[in-house]
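K.L.:
Starting from these lines, generate the structure:
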Amino acid sequence: MSDLTLAGPTLAEFHQARERVSRVVHVTPMESSSFLSQALGAPVFLKCENLQRTGSYKIRGAYNRLSQLGESERSRGVVAASAGNHAQGVALAARELGIPATIYMPLGVALPKLQATRDYGAEVVLSGHSVEEALLAAKAYSEQSGAVFIPPYDHPDVIAGQGTLGLEILEQVPDVDTIVMAIGGGGLISGVASVVTQMRAQTGGSIRIIGVQAANSAPYALSMKLGALTGVVPTPTISDGIAVAKPGVLNFEIVRETVSEVVTVSDDDTARAILVLLERAKQVVEPAGAVGVAAILTDQIQPLGKTVVVLSGGNIDPLMMERVISRGLAASERYLHFRVMLPDRPGQLSRVSEIISEANANVVEVLHTRHGRGLQISEVELELSVETRGPDHAEQVMQHLRDAGFTPQSLMS
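P.N.:
Numbering: from 1, shown residues only. Down below sits the predicted model:
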């Protein structure tokens with residue numbers, strides 16, 4: 001048996017955090033996935049933190065931090081800034097502990113996240129057009145009012161709270177070889193990686209930790225490559241829950257010591273993963289929580305024994321869900337989008353619809369125009385979106401049209 005010294009919380013502090021947060025958090029399910037196991041070539045398990053209270057793991061770190069405040073600090077209240085999950089975690093933790101909470105959220109925050117934060121009892125202040133602007137406002141309020149600022153990831157108490165998830169993983173899959181999870185600021189991965197690495201060191205074993213970031217906002221991937229904490233300029237991504245400009249200082253120190261690899265996935269990859277989780281695992285997962293599955297589906301994870309993928313959150317706006325499902329269907333090549341030129345005479349639209357029906361596909365959208373560029377005066381352009389079972393079926397639909405004398409042109413990017 002050997003002890004391992006890492007930056008951040010000790011193993012004893014992780015166990016103390018587990019005792020504290022057990023008062024409010026659920027031990028979330030661990031589900032096996034035959035579909036993902038086949039895709040990876042190794043057993044895959046899903047740690048369903050999307051089913052946690054508030055819909056994400058964030059309640060763990062927030063409660064651990066708030067529960068250690070002194071009476072004077074509690075009387076001054078707490079303040080945080082977030083577009084969603086951290087806001088809800090702090091709001092619920094504050095309510096459970098009887099601490100006044102003020103949460104700054106950007107003006108464009110999704111209505112369900114705004115309402116949930118208010119329902120947990122926090123005072124919500126809408127400020128700025130981004131999380132960064134809301135963060136500046138929250139820190140200014142802290143200095144002015146004396147309220148204790150609760151950081152989303154870069155604090156030992158927050159890291160220790162998030163790391164309690166790692167203790168659950170080791171209890172539910174004791175012989176796990178690989179853990180895959182999202183990285184935003186680094187609170188979750190630094191906590192989980194630290195505690196499981198320390199636990200394995202006690203028995204002389206090791207474990208592989210892989211982090212996943214959105215390609216449009218990947219400061220950890222760059223920082224790990226350069227060997228130094230480095231910021232990026234985030235660009236829009238559907239995985240807004242992990243879109244940060246720079247790693248947390250303490251978080252990066254831990255990640256650099258404990259994480260084997262950081263990979264990135266595109267928004268299309270993530271949309272496809274959300275669709276797979278809906279259809280195959282019956283799990284509603286937000287984009288940031290699905291990036292680990294996206295990494296498996298894009299063959300970025302080498303199979304190495306039993307693999308646990310953390311589904312870190314399930315707080316997805318219904319309007320976003322609608323767009324993501326459509327994007328996921330397209331990314332899975334189950335939407336066929338094409339145009340075909342037709343003679344401008346009666347019955348042609350009906351004939352094309354009949355051919356598509358005979359191929360057992362379903363038309364979901366039609367645009368019929370006589371005014372497209374390049375059209376002959378005797379032609380009309382038909383643009384269709386068709387739902388298919390996948391790329392092979394899509395090609396069958398196109399071939400049916402060709403066999404009938406039409407010349408369809410794919411519009412898929």
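K.L.:
For His400, grab the count of nearby residues.
P.N.:
Neighbour count of His400, defined by other C-beta atoms under 10 Å: 18. (Glycine included, C-beta is placed from N, CA and C.)
K.L.:
just checking, it touches Glu358?
P.N.:
Yes. Counting by C-beta atoms under 8 Å, Glu358 is a contact partner of His400 at 6.6 Å.
K.L.:
what does the helix or strand of the chain with the lowest mean pLDDT rub up against?
P.N.:
Ranking every helix and strand in the chain by mean pLDDT, DSSP states H and E puts helix 318-331 at the bottom, with a mean of 82. Helix 318-331 has contacts (C-beta atoms under 8 Å, 6 or more residues apart in numbering) with 110, 112, 238, 267-269, 271-276, 278, 284, 287, 316, 335, 337, 387, 412.
K.L.:
residues contacting the residue positioned nearest the centre of the chain?
P.N.:
In the chain, the residue lying closest to the centroid (C-alpha atoms, centre = their mean) is Ala288, at 1.2 Å. Counting by C-beta under 8 Å, 6+ apart, Ala288 touches Ala182, Gly184, Ala214, Ser239, Asp240, Gly241, Ile242, Ser312, Gly313.
K.L.:
Checking my notes, it in a strand, right?
P.N.:
No. Assigned with DSSP: H, G, I helix; E, B strand; the rest coil, Ala288 falls outside any strand and is helix.
K.L.:
The nearest residue to it once chain neighbours are set aside and Arg280: what is the separation?
P.N.:
Leaving aside its chain neighbours, Ala288 sits nearest to Gly241 (3.3 Å; criterion: C-beta to C-beta, 6 or more residues apart in numbering). Using C-beta to C-beta, to the nearest Å, Gly241 is found at 22 Å from Arg280.
K.L.:
likewise Gly390?
P.N.:
In this view, Gly390 and Arg280 are 14 Å apart by C-beta to C-beta.
K.L.:
More neighbours: those two, which one.
P.N.:
Arg280 (14 against 10).
K.L.:
the strands in the stretch 301-413 of the chain, which residues?
P.N.:
In the stretch 301-413 of the chain, the strands defined using DSSP state E, counting those that start in this stretch lie at 307-311, 335-343, 362-369, 379-387, 409-410.
K.L.:
Show me what the fourth one is packed against.
P.N.:
Okay, so that is strand 379-387. Under the contact criterion of 3 or more C-beta pairs under 8 Å, 6 or more residues apart in numbering; DSSP states H and E, strand 379-387 touches strand 335-343, helix 348-358, strand 362-369.
K.L.:
Also the shortest one?
P.N.:
Taking 3+ C-beta pairs under 8 Å, 6+ apart as the contact definition, the neighbouring helices and strands of strand 409-410 are strand 335-343.
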